[in-house]
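[1] Please find the sequence and the predicted model below.
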2 protein chains.
Amino acid sequence: MTLHQINPNVSVDCAIFSFDQGALEVLLIERHAGNSEIKDDLMALPGNLIYEDETLDEAANRVLSELTGLTNIFLEQVYTFGNPNRISKQKDLDWLRAIRASPEARVITVAYTSLVKKENFKIQPSSFAKKAVWVKVKDVPHLAFDHNEILDKALDYLKHKIYLEPLGYELLPDKFTLAQLQKLYEAILEDSFDKRNFRRKILRTEFIVKLDEKQQGVAHKPAGLYRFDKSRFHKI
Amino acid sequence: MTLHQINPNVSVDCAIFSFDQGALEVLLIERHAGNSEIKDDLMALPGNLIYEDETLDEAANRVLSELTGLTNIFLEQVYTFGNPNRISKQKDLDWLRAIRASPEARVITVAYTSLVKKENFKIQPSSFAKKAVWVKVKDVPHLAFDHNEILDKALDYLKHKIYLEPLGYELLPDKFTLAQLQKLYEAILEDSFDKRNFRRKILRTEFIVKLDEKQQGVAHKPAGLYRFDKSRFHKI
């Protein structure tokens, strides 16, 4: 095992989203503090300090993998948070003192995000993550550090991005109904749309292709299935 | 004068754009190295290390102001660059050794950008900036550190942003012709458009309002003047 030198001033944090039963979810960890007896009941985004010999992208991938078991994720950088007081809650300070070599150092954190189909990944918490769990975005509690702010910024990033890219591609099954697609847009944009308007507008974009197939094994009248055509999206 | 503690690991860099005579320009500095005799002919984006007691936004504003004299600029964060080898050119190393307390420290830099009307600002280089000059983006030379990469990322940011916001607002005079607007879009998107198509599409967006005025004092047939309506843009 190689020993890496840690940069005490720079960390990465990951906001990983998934979509389940019509709701947007984010991956959170519960921290433990080694042998220390501090009470820490704050959940957090998976994140940690970077190594001196890795890029920020490499750090984000390593840290996410170490804490949650998720590997080979396409992570995108969202924003960097550097408020001098971002580590000021007593619980955070206690936890940092229990686990870090330089607990008082100012830490600037680079936030990353990704959209995943959660059924493709097995969660395996380790390092200082006691647990890693998918939590509905609307049920996210008060988080450690400034992680609620980071989560909000990652959600804003998705809201912008959904206008520029066929985001659903990463979150929906390969074949999906327009009702599923509408739920996804509503979850990300935190809005609700008129069904007929939504269908008219989304089909006009031409990156949704109707398949000659319908849903199977449903109690109601089976809906038509669609798929994304990424090539058409990039042309627009 | 208060003495601020410097964070040796984190810097900010600013890519400030302006638009002049149909071309996009960026503000660059020429560095000097105090009393040292090193030869440094690399231009750079204005940037420097942050203070421990300021936010990243505050640092970006302070550094830009110290190096170029530009104040009260609305700066937006673009991306953070953290390649462990981003400071590896011999000229950069020589310069850092001449000017910094910890020249070998790994520096992660947070890039900011802004669009300004250059006639509204007086350039006053100081600190380690010998000069600050507007350079056409297409004429930008090989820059210090990874500043060419940072500039490219800031340009990409503009390209995305122009689809989401009436960018020209910051770069054009309050009243402008459609020819000026087309040149701006062409400069930012590095593309050229058919005149008729461009006009049809841009007028369809409804955030360009035709005024009941024409150009004055031009040799050719005076063109109609337009203005942006930001309120309409935000509704879209």
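    In hand now; what should we look at?

[2] which secondary structure element contains residue A:131?
    Following DSSP states H and E, one finds residue A:131 within strand A:129-136.

[3] Sheet-wise, list the partners of that strand with their directions.
    strand A:23-31 (antiparallel) (DSSP bridges).

[4] Could I get the buried residue list for the partner strand?
    A:24, A:25, A:26, A:27, A:28, A:29, A:30, A:31 (16 or more other C-beta atoms under 10 Å in any protein chain shown). Any C-beta I mention is one placed from the backbone N, CA and C, and that applies to glycine too.

[5] and the longest strand along chain A, which residues are buried?
    Longest strand in chain A by number of residues (criterion: DSSP state E): strand A:6-20. For strand A:6-20, the neighbour count (16+ other C-beta under 10 Å) marks A:6-19 as buried.

[6] quick one: contacts for the residue lying closest to residue A:154 once chain neighbours are set aside?
    Using C-beta to C-beta, 6 or more residues apart in numbering or on different chains and skipping residues adjacent in sequence, the residue nearest residue A:154 is residue A:15, 3.7 Å away. By C-beta atoms under 8 Å, 6 or more residues apart in numbering or on different chains, the contact set of residue A:15 is A:26, A:45, A:78, A:111, A:112, A:113, A:150, A:151, A:154.

[7] could you redo the last one with a cut-off of 6 Å?
    A:26, A:45, A:113, A:151, A:154 (C-beta atoms under 6 Å, 6 or more residues apart in numbering or on different chains).

[8] I figured the first one was touching residue A:136, is that so?
    Meaning residue A:26. No: with contacts counted by C-beta atoms under 6 Å, residue A:26 stays clear of residue A:136, the gap being 8.2 Å.

[9] in whichever helix in chain A runs longest, what counts as buried?
    Ordering each helix of chain A by length in residues (DSSP state H) puts helix A:147-164 first. Buried residues in helix A:147-164, counted by 16+ other C-beta under 10 Å: A:147, A:150, A:151, A:153, A:154, A:155, A:157, A:158, A:161.

[10] Tell me the helix or strand right after it.
    On the C-terminal side of helix A:147-164, the nearest following helix or strand under DSSP H and E is helix A:168-171.

[11] Now do the helix or strand just after that following helix, average pLDDT.
    The helix or strand immediately downstream of helix A:168-171 is helix A:178-189, counting by DSSP H and E. Across helix A:178-189, the average pLDDT comes to 91.

[12] With only the CA atoms kept, save helix A:178-189 in CSV.
    In CSV, the C-alpha atoms belonging to helix A:178-189 read as follows (Å, rounded to 0.1, in the frame of the first residue of the first chain):
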residue,chain,number,x,y,z
LEU,A,178,-43.8,9.9,-21.3
ALA,A,179,-45.4,9.8,-17.8
GLN,A,180,-42.0,8.6,-16.4
LEU,A,181,-40.2,11.3,-18.3
GLN,A,182,-42.6,14.0,-17.1
LYS,A,183,-42.1,12.9,-13.5
LEU,A,184,-38.3,13.2,-13.9
TYR,A,185,-38.6,16.7,-15.3
GLU,A,186,-41.0,17.7,-12.6
ALA,A,187,-38.6,16.2,-9.9
ILE,A,188,-35.6,18.1,-11.2
LEU,A,189,-37.3,21.3,-12.0
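
[13] For it, which helices and strands make contact with it?
    Applying 3 or more C-beta pairs under 6 Å, 6 or more residues apart in numbering or on different chains; DSSP states H and E, we find helix A:178-189 packed against helix A:147-164, helix A:168-171.
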